[in-house]
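S.K.: What shape does this take:
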Amino acid sequence: MKCLAIFGVIVAIFAAFVGYGYLVFTDLTRPLPKPDLKDNTYWGPGDGKNYVPDEKVYDFKLDVPKAEIDDLRQQLNRTLKLADPLDGIAFQYGFNTNALAQFVEYWREKYLTKWNQRQAYFNSLKQYTTEIQGLKIHFIHERVSEEVAAKKHVYPLLLLHGWPGSVREFYEFIPMLRNDQNISDYAFEVIAPSLVGFGWSDAATRPGFNAAEMATVMRNLMLRLGHKQFFIQGGDWGSIIGSNLATLYPENALGYHSNMCTLTTPLAILKSIYTHYYPEKVLFSRMFHNHHVPIWDKYLRLIEESGYFHLQATKPDTIGAALDSNPVGLAAYILEKFQTCTGPALNQDFGAMVTAYGLEAVLDNLMVYYLNSAATTAGRLYAESTSKAYRALQLERVQTSVPMGCARFFNDLPPASDWALRDKFTNLKHSMYFQHGGHFAAMEMPAMLYNDFTTFVGKVGLQKE
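M.R.: Residues are numbered from 1 along each chain as shown. I've put the predicted structure just below:
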């Protein structure tokens, strides 16, 4: 009888542990309700008590004073005090200083001497500013011609960039979207904003402006322009902001397309580990196993390459002060990310960025940060979006029925599988894998991204309604 009692106690304890584990698992993996978020928070200077919004839309044209370009050239002409790279090392320790010296020379002697041409290229797309929630927001706005509108199904599109990118990423992509392309039945009225604190958009003046607040501002910009419903496309922060917009304001989103399909919920992580061991049970083709497997190597690589993330998530103003006042340091910091994102087959090659993006494009993007002293204000998005307040929203666990499309480029961050994505996006319409390309898809492979995005739009099927 005594042994039976002991056995009963053991069973009871085991059952309690199993039951408790089940409750914890359920609590960590169940979908959560959509949080309430104010859609008119004032983020401008002062307390906003007497704030009267200026709803006008103003033309914007880049016109950098010659004195500012001359000053930059003088800064780049100073003797560089750089440590020599270690023997046999290319970019394993960061941006190679020999390559940096050559890059600075090209920036000073070639690029800046033709600044008028580069500035004209910036101005080749129509740009505007308007005030949203107390902040001046800069945006590209390219409309479809009447001729194209007569032939195509035309939809508004919110195009969102990330860090260390800018609207410059989209200059080759936007013409494809708005022009008459024979391979697609669609054309798009494109709105591509500079994110708050990036480019020529104002930065928030007090703490709390995270990726959910960014989504709200971007949604309100589209409403300001008369678009109550629109498509969303983005990568990097643009992907996260787009996801948040589709989650918080599903009534405004016709569809959301991402070229950085990541999820970091407990359930998504568990599914990625399962996929590592049993890929054939999760993935529909062996050709795409290498996007997800081996997951431990991919996580290790992510840790190795995310030092900047921790720095900007904890002390963005420190690194920002160093970069905003030092164009050579700014170049090294930003270019290292573009170099790394060319992928393992290229990122130790001194010509990688020229091959993947083109030197002028990379320098144009660098100038966006330099001209606006945006290293600090852009970096703060990391701190605000890893804050306790933002994490408490748990938006990745809030489901949305907005049609979703996913394009996975091989050299990007480890993606979520369709199995994991459907926990968040209950209306997953499109999923694609590419064995080439990386994090800056719009700049590196605009035609491929265009084809994938328009394929997704076709699967949404709006023209049939």
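S.K.: ok, residue 235 - contacts?
M.R.: By CB atoms under 8 Å, 6 or more residues apart in numbering, the contact set of residue 235 is 161-162, 258-260, 412, 439-442. Any C-beta I mention is one placed from the backbone N, CA and C, and that applies to glycine too.
S.K.: I meant to write residue 254 there.
M.R.: So residue 254 contacts 155, 229-231, 402-403, 460, 462 (CB under 8 Å, 6+ apart).
S.K.: what about the nearest residue to residue 136 once chain neighbours are set aside, how many neighbours?
M.R.: Closest residue in space to residue 136, ignoring its immediate chain neighbours: residue 202 at 4.6 Å, by CB to CB, 6 or more residues apart in numbering. Burial of residue 202 is recorded as 20 neighbouring residues (other CB atoms under 10 Å).
S.K.: surely residue 202 meets residue 44?
M.R.: Yes - Residue 202 lies in contact with residue 44 (CB atoms under 8 Å); the separation is 7.2 Å.
S.K.: Mutual contacts of the two, please.
M.R.: residue 135.
S.K.: Now do the helices in the stretch 51-200 of the chain.
M.R.: All helices of the stretch 51-200 of the chain, identified by DSSP state H, counting those that start in this stretch, fall at 66-76, 97-106, 115-122, 146-151, 173-178.
S.K.: which helices and strands sit right next to the last one?
M.R.: Counting contacts by 3 or more CB pairs under 8 Å, 6 or more residues apart in numbering; DSSP states H and E, helix 173-178 is packed against strand 135-142, strand 153-160, strand 186-193, helix 446-460.
S.K.: The same query, at a cut-off of 7 Å, please.
M.R.: Identification of packing neighbours for helix 173-178 by 3 or more CB pairs under 7 Å, 6 or more residues apart in numbering; DSSP states H and E yields strand 135-142, strand 186-193, helix 446-460.
S.K.: The nearest residue to residue 190 once chain neighbours are set aside: what's it in contact with?
M.R.: Leaving aside its sequence neighbours, residue 190 sits nearest to residue 142 (CB to CB, 6+ apart; 4.7 Å). Residue 142 is in contact with 125-126, 174, 178, 190, counting by CB atoms under 7 Å, 6 or more residues apart in numbering.
S.K.: repeat that for 10 Å
M.R.: 125-127, 157, 159, 170, 174-175, 177-179, 188-192 (CB atoms under 10 Å, 6 or more residues apart in numbering).
S.K.: what's the most distant pair in those?
M.R.: 127 and 179 (18.1 Å; CB to CB).
S.K.: quick revisit: what's the spacing between the residue nearest to residue 190 and residue 149?
M.R.: 13 Å (CB to CB, to the nearest Å).
S.K.: got it, and residue 247?
M.R.: 31 Å.
S.K.: now the residue nearest to residue 190: how far from residue 334?
M.R.: 26 Å.
S.K.: one step back: which of the contacts of residue 235 sits closest to residue 301?
M.R.: residue 412 (11.7 Å).
S.K.: What count of nearby residues applies to the residue lying closest to the closest one once chain neighbours are set aside?
M.R.: Leaving aside its sequence neighbours, residue 412 sits nearest to residue 439 (CB to CB, 6+ apart; 5.0 Å). Neighbours of residue 439 under the rule other CB under 10 Å: 22.
S.K.: so residue 439 is in which element?
M.R.: Assigned by DSSP states H and E, residue 439 falls within no helix or strand.
S.K.: so who does it touch?
M.R.: With CB under 10 Å, 6+ apart, residue 439 has these contacts: 162, 165, 235-236, 259-260, 337-338, 340-343, 409, 411-413.
S.K.: still on that earlier bit, overlap in contacts, residue 142 and residue 149.
M.R.: residue 189.
S.K.: now the end-to-end length of stretch 221-240.
M.R.: 17 Å (CA to CA, to the nearest Å).
S.K.: ah, wrong one, I meant stretch 55-62
M.R.: Note: stretch 55-62 ends 22 Å apart using CA to CA.
S.K.: Pull out the buried residues from that stretch.
M.R.: 60, 62 (16 or more other CB atoms under 10 Å).
S.K.: What number of residues are in the vicinity of the nearest residue to residue 157 once chain neighbours are set aside?
M.R.: Distance criterion CB to CB, 6+ apart; nearest residue to residue 157, sequence neighbours excluded, is residue 188 at 4.1 Å. Using other CB under 10 Å, residue 188 has 30 neighbouring residues.
S.K.: Can you name the residues bridging to residue 188?
M.R.: Beta bridges link residue 188 to residue 155 when assigned by DSSP bridges.
S.K.: With the one 5 residues further on instead?
M.R.: Residue 193 has the following beta-bridge partners by DSSP bridges: residue 139.
S.K.: Determine the number of other residues adjacent to residue 324.
M.R.: For residue 324, using other CB under 10 Å, the count is 20.
S.K.: ok, now which ones touch the nearest residue to it once chain neighbours are set aside?
M.R.: The spatially closest residue to residue 324, leaving aside those adjacent along the chain, is residue 373, at 4.4 Å (CB to CB, 6+ apart). Applying CB under 10 Å, 6+ apart, we find residue 373 in contact with 203, 320, 323-325, 330.
S.K.: I'd like the average pLDDT over stretch 398-408.
M.R.: When pLDDT is averaged over stretch 398-408, the result is 98.
S.K.: What of stretch 244-258?
M.R.: So the average pLDDT for stretch 244-258 ends up being 98.
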